[in-house]
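Make a model of this:
(one chain, ligands or ions: 3)
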Amino acid sequence: MKFQVIDTLPQKTDSDCIVVGVTPDGMATNARLLNKACKGTIQKALSQGDIKGNVGESLYLYDIQGIKSPRILLLGCGNDSKRDADRWTKIMETAFNCLNRGGSKNAAIFLNDIKIRNRKFNWMLQEATRTMCSAGYQKGELKSTFRKPSKTLGEAKFYVNRDIAAARRSLASGKAVGEGMALTKRLGDLPANIATPAYLAGQARALGRKFEQLSVKVLNEARMKKLGMGSLLSVSAGSTEPAKLIVLEYQGGKPSAAPVALVGKGVTFDTGGISLKPGASMDEMKYDMCGAAAVLGTLHAIASIKLPINVVGIIPATENMPDGSATKPGDIVTSMSGKTIEILNTDAEGRLILCDALTYAQKYGPDVIIDVATLTGAVIVALGNHISAVMGNDGRLISEIIDAGNNAQDKAWQLPIDDRFQRQLDSNFADMANIGGRGAGAITAACFLARYTEEVRWAHIDIAGTAWKRGGKNKGASGRPVPLLTQFLINRCS
Ligand code: BES
Ligand code: MN
Ligand code: ZN
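Ligands and ions are numbered 1, 2, ... in the order given. As a prediction, the model looks like this:
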């Protein structure tokens, strides 16, 4: 989808559709201008109660005298006093769904008269294009009846009356994030018989071909064995799908600048292994690669706006399956760092692949490392499906992550990792166990990872609750935390 800035007045615009805001208090400024030009048609729609102006409402008006465009879309924007960031997202979702299902190929959007509490207009523009592009992803590509709609909205123009250059940048950033999210959602929704480790590697390679500044390499199991990744390989031992370590190097900054390393958990299906999971909802464990999908989505986003920064994406990708050759509870393995791990539960596999990926990431001399992983059920108990957990060893890095999430409608909340939790990982037979007992499961998982990142600034984001929408018609990947990660990287460039 294309986005542009315009400065013509609504009544003079010849787009397929003119979008203006209405509220329960009446018409916003642009609606009033338009209403004058078309001799009161909008006022009529409001006073006859066809639209009240609440968030989520919309109404098309056709064949209006006095204007150049064939239709007007009235968009409910709610009361000024209640309009917050979430409501703006909802307003833009409504706009996109109406426009995309209608006959307009392009639209001119006049919402500069709508204000959001604590947010600037450029933020609204970025959020608008993010929402529209991310909503452009259509679920169900494997239904035999799946058709991409033929008549879709191809272009949206936003009315902007000041600082055009900054507005353009906001539109571009939002589009990049939205398209990155769409990629992440698609990969998360694909079933595990299609989205295998090799498939993820192929997707990464395709990104490498698409973007000049991005180069991709894929390490096979033999290479990983040479590197000593005994922990990662203990997870793939029970699977007939070979594991892949996918490495994406994005060079947007100065060659000498230390990169940000993004590490994403890529368990393409998590049965639990020999510590087999119960059957109910096990299908959802296809989304255990959403950390990996988010790293790919984020790299897609920053590469498409040529963000001036260096980033290395590292994705350990594997299945976790039970089999005669699978790892057994009690087995002890040696990780790339040399530390030994007693695997007391093969279902705590995420940390086993991440620890080797974190060690590998440090070869790049990164400025910071952020890992993203659907790591624990415990984080869903703690924070539900709305907020990701963030933990790490550097307060400033954690604040940067939380700020980026708040800005990007992709919240994260800090949980404490304190040395007292580390003792829960003590083992009689190895340097550590891979589980920490009943309490604080999200934290002990992070404590495990902390043992592999002592020499570098590092943060871990547990997205088990936020990467996936549960149940019903909305069931599917959410595209998070692509907005948070991309915003984090954008903020680092300014
Ligand atoms: N992939 C799961 C975590 C998960 C659970 C993600 C629910 C999404 C939804 C992870 O590999 C896992 O199984 N964790 C275990 C750890 C436990 C054995 C210490 C868990 O959370 O139960
Ligand atoms: Mn597991
Ligand atoms: Zn898992």
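
Show me which residues of the stretch 201-350 of the chain are close to ligand 1?
270, 288, 345, 347, 348, 349, 350 (CB under 6 Å from any ligand atom). Backbone N, C-alpha and C define where each C-beta goes, glycine included.

wait, what's in contact with the second one?
Same thing as residue 288. 265, 267, 268, 269, 270, 320, 350, 374 (CB atoms under 8 Å, 6 or more residues apart in numbering).

Just checking stretch 407-425 against ligand 1, any contact.
No - for a cut-off given as CB under 6 Å from any ligand atom, stretch 407-425 has no contacts with ligand 1; the smallest distance is 10.7 Å.

Now the residue of the chain at minimum distance from ligand 2: closest residue in space, sequence neighbours ignored.
Residue nearest to ligand 2 within the chain (CB to the ion): residue 347, separated by 3.9 Å. Distance criterion CB to CB, 6 or more residues apart in numbering; nearest residue to residue 347, sequence neighbours excluded, is residue 272 at 3.8 Å.

Assign a three-state SS to the one you found, would you?
Of the three states, residue 272 takes coil under DSSP: H, G, I helix; E, B strand; the rest coil.

measure it to residue 345 for me?
8 Å (CB to CB, to the nearest Å).

ok, these two, which is more surrounded?
residue 272 (18 against 14; other CB atoms under 10 Å).

pretty sure that one contacts residue 350?
No - at 11.5 Å, residue 272 does not count as touching residue 350 under the criterion of CB atoms under 8 Å.

Max pairwise distance over the residues of the stretch 201-350 of the chain next to ligand 1: which two?
288 and 345 (15.2 Å; CB to CB).

still on that earlier bit, now do the phi/psi pair for the residue nearest to residue 347.
Main-chain dihedrals, residue 272, degrees, to the nearest 10: phi 100, psi -20.

Looking at it now. What's its pLDDT?
If you check residue 272, the pLDDT there is 98.

Spell out, range by range, the helices that occur in the stretch 351-494 of the chain.
Using DSSP state H, counting those that start in this stretch, the helices of the stretch 351-494 of the chain run over 378-383, 395-407, 419-422, 441-450, 482-492.

Present those helices as TSV; the columns should include mean neighbour count, mean pLDDT and distance to ligand 3.
Shown next, in TSV, are those (neighbours: other CB atoms under 10 Å; pLDDT from 0 to 100; distance: least, CB to the ion, whole Å):
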stretch	mean neighbour count	mean pLDDT	distance to ligand 3
helix 378-383	20	98	12
helix 395-407	18	98	22
helix 419-422	14	95	20
helix 441-450	25	98	10
helix 482-492	26	98	20
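
Just send these back as JSON lines, with distance to residue 167 too.
Formatted as JSON lines, the helices of the stretch 351-494 of the chain follow (distance: least, CB to CB, whole Å):
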{"stretch": "helix 378-383", "distance to residue 167": "35"}
{"stretch": "helix 395-407", "distance to residue 167": "17"}
{"stretch": "helix 419-422", "distance to residue 167": "46"}
{"stretch": "helix 441-450", "distance to residue 167": "39"}
{"stretch": "helix 482-492", "distance to residue 167": "15"}
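
thinking again about what came up before, now, which of the contacts of residue 288 sits nearest ligand 3?
residue 270 (3.7 Å).

quick one, phi psi at the residue of the stretch 301-450 of the chain found nearest ligand 1?
Per CB to the nearest ligand atom, residue 377 is where the stretch 301-450 of the chain lies closest to ligand 1, at 3.3 Å. Note on residue 377: backbone dihedrals following degrees, to the nearest 10 are phi -70, psi -30.

next one: residue 82
The phi/psi pair for residue 82 (degrees, to the nearest 10) reads phi -100, psi 0.

Quickly note the distance from it to ligand 1.
33 Å (CB to the nearest ligand atom, to the nearest Å).

and if you look at residue 286?
Separation of residue 286 from ligand 1 (CB to the nearest ligand atom): 10 Å.

try residue 279
For residue 279 relative to ligand 1 (CB to the nearest ligand atom), the value is 14 Å.

For that residue, which three-state class applies?
coil.

Point me to the residue of the stretch 51-200 of the chain nearest ligand 3.
Counting by CB to the ion, the stretch 51-200 of the chain gets nearest ligand 3 through residue 192, at 12.0 Å.

Now for the closest residue to residue 303 other than its chain neighbours, how many residues are close by?
Excluding the flanking residues, the one nearest residue 303 by CB to CB, 6+ apart is residue 211, at 3.8 Å. Close neighbours of residue 211, defined as other CB under 10 Å, add up to 19.

still on that earlier bit, which one of the residues of the stretch 201-350 of the chain next to ligand 1 is nearest to residue 422?
For these, the nearest to residue 422 is residue 348 (15.6 Å; CB to CB).

My guess is the closest one contacts residue 444. True?
No - using CB under 8 Å, residue 348 is not in contact with residue 444; the gap is 9.3 Å.
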